[in-house]
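**Student:** Fold the following, please.
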Amino acid sequence: MVDSIWVYLKKIFSLSLVLNSLITLAAIAGILYGFYHASPYWHPYAPYLINGNLFLLVAVAAFINIFPSASIGRALHTGRLLFHHYVYGFFVLLSSSVFVVAFTSVSLVSLFLVHSSNIAVNTGRFFVLTGLTLLLDDLPDVSKRVESALSKLKSRAYQVRKVIHALQLVTGFVSFYVCLAISIWAIQNPELIFPNSLLIGTLLITSITSFACVKRKAWLKITL
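**Tutor:** All right, here's what the predicted structure looks like:
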């Protein structure tokens, strides 16, 4: 019983890390869209963040973290509850997309590019990313063709695993710096601490995940 609980907790932990990476990527997409659209008139989190382009490296960190985070859960045997995880992922993704279209004024295309504090919009964003998380977690089981494509990507990643390992360390430090810069900026603007708390939290988790994966040599241990 205890072993079963531990397995499920570890699976939830794995899914949470993948979801955090996707939330980080979504948040950065909105920031970079505003940054490039308003360039050179808007400098996010200045003067503590030296350049808004650093968010690109944070995006790389979040993207690199997805595979080792998902691999934690895929190594576990949790069984299936009626369907594969990707079926639930498709359902959540479809339902949340319909919700966004029906109950918000934001289009699906620009869902993560516009700044909005609307509860319905942010609820839609969260469940879209949750659906994507479940889908990514079980992606190899979607079809043999998808599994084959992923195997080819894994083979190419294996060839440059040392580069990815080094890049994960560098982008992890960049993510931590950006997190620290935004935190200091928020402290100087107390009324904006809460609106930026989620971003700060996800960046902190992203940087910690990067460091943990580097310590575990997650990408160096990748096998064909």
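**Student:** In this protein, where is pLDDT below threshold?
**Tutor:** In the predicted model of the chain, residues 1-3, 75-83 satisfy pLDDT under 70.
**Student:** domain assignment for it?
**Tutor:** What automatic domain parsing lists as the domains of the chain is 2-79+141-216, 85-137.
**Student:** quick one, helices of the chain?
**Tutor:** Secondary structure of the chain by DSSP state H: the helices cover 2-38, 54-74, 85-103, 119-137, 144-159, 161-188, 193-216.
**Student:** Most tightly packed of those?
**Tutor:** helix 54-74 (a mean of 21; mean count of other CB atoms under 10 Å). In this view, the C-beta of every residue, glycine as well, is placed from N, C-alpha and C.
**Student:** What angle do helix 2-38 and that one make with each other?
**Tutor:** Relative orientation of helix 54-74 versus helix 2-38 (axes from the mean of the first three to the mean of the last three CA atoms, to 10 degrees): 160 degrees.
**Student:** ok now helix 54-74, how far from the chain's centre?
**Tutor:** Relative to its chain's centre, helix 54-74 lies at 7 Å (CA atoms, centre = their mean, to the nearest Å).
**Student:** want to throw the domains of the chain into CSV with distance to Ile222?
**Tutor:** As requested, the domains of the chain are exported to CSV (distance: least, CB to CB, whole Å):
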stretch, distance to Ile222
domain 2-79+141-216, 5
domain 85-137, 17
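**Student:** which one of these lies closest to Leu224?
**Tutor:** Leu224 lies closest, by CB to CB, to one member of these: domain 2-79+141-216, at 5.6 Å.
**Student:** Contact partners for the closest residue in space to Ser175 that isn't next to it in sequence?
**Tutor:** Counting by CB to CB, 6 or more residues apart in numbering, Ser175 lies nearest to Ser207, which is 3.9 Å off, once chain neighbours are set aside. Each residue near Ser207 by CB atoms under 8 Å, 6 or more residues apart in numbering is listed here: 61, 172-173, 175-176, 179.
**Student:** where's Tyr8 relative to Phe55, distance?
**Tutor:** 34 Å (CB to CB, to the nearest Å).
**Student:** let me fix that: Ile193
**Tutor:** From Ile193 to Phe55 the distance is 20 Å (CB to CB).
**Student:** before we move on, what about Lys217?
**Tutor:** 27 Å.
**Student:** now do Ile222
**Tutor:** Using CB to CB, Ile222 is found at 27 Å from Phe55.
**Student:** swap in Pro140?
**Tutor:** Taking CB to CB, one finds Pro140 at 30 Å from Phe55.
**Student:** which residues does Leu169 contact?
**Tutor:** Applying CB under 8 Å, 6+ apart, we find Leu169 in contact with 210-211, 214.
**Student:** Leu25: which of those is nearest?
**Tutor:** Once CB to CB is applied, the member of the contacts of Leu169 that ends up nearest Leu25 is Ser210, at 13.9 Å.
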